[in-house]
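Q: Here is a sequence with its predicted model. Questions after.
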Amino acid sequence: MQLEILTPEHKVYSGKVHGIQLPGVEGSFEILENHAPMIAALGKGKMKVLKDKNNNTETYEISGGFIEMLNNKASVLIEDATAMD
């Protein structure tokens, strides 16, 4: 699926991924390829980008926002993101 992670200031990530793990306001959840259309509010916490099926990941600390999943494209709109090791 295609993933775009955006803050008001810049694009954090753009590219093809296997999935994404997110901190929802009601608990963590995961979205994988071909997920049904949805919109969800995000809370403060760790967001993990699953780059491929071989466990290659990138992790970010986020401060909340929203995700929209539509037509195998995830758009994550957040206030801020800090890359973690």
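A: Noted; the coordinates are in hand.

Q: ok, M1 touching N71?
A: No: in this structure M1 lies outside contact range of N71 using CB atoms under 8 Å: 9.3 Å. Glycine gets a C-beta too; all of them are placed from N, C-alpha and C.

Q: quick one, which of those two is more surrounded?
A: M1 (17 against 8; other CB atoms under 10 Å).

Q: Give me the phi and psi for the most far-flung residue of the chain relative to its centre.
A: Most distant from the centre of the chain: N54, at 18.0 Å, with distances by CA atoms, centre = their mean. Per-residue torsions, N54: phi -100, psi 20 (degrees, to the nearest 10).

Q: Also D80?
A: The phi/psi pair for D80 (degrees, to the nearest 10) is phi -160, psi 150.

Q: and the lowest-mean-pLDDT helix or strand in the chain, which residues are buried?
A: Ranked by mean pLDDT, DSSP states H and E, the weakest helix or strand in the chain is strand 81-84, scoring a mean of 92. Residues of strand 81-84 classed as buried by neighbour count (16 or more other CB atoms under 10 Å): A81.

Q: Could you do stretch 25-33 as well?
A: Buried, per 16+ other CB under 10 Å, within stretch 25-33: I31.

Q: Could you give the bridge partners of A40?
A: I67 (DSSP bridges).

Q: Please read the previous query as pertaining to G24.
A: According to DSSP bridges, beta-bridge pairing links G24 with G27, L42.

Q: Could you point out which residue ranges in the chain have low pLDDT?
A: 85 (pLDDT under 70).

Q: from what I can see Y60 touches T82, true?
A: Yes: at 6.3 Å, Y60 counts as touching T82 under the criterion of CB under 8 Å.

Q: Look up how far G45 lies from H35.
A: From H35 across to G45, the span is 20 Å (CB to CB, to the nearest Å).
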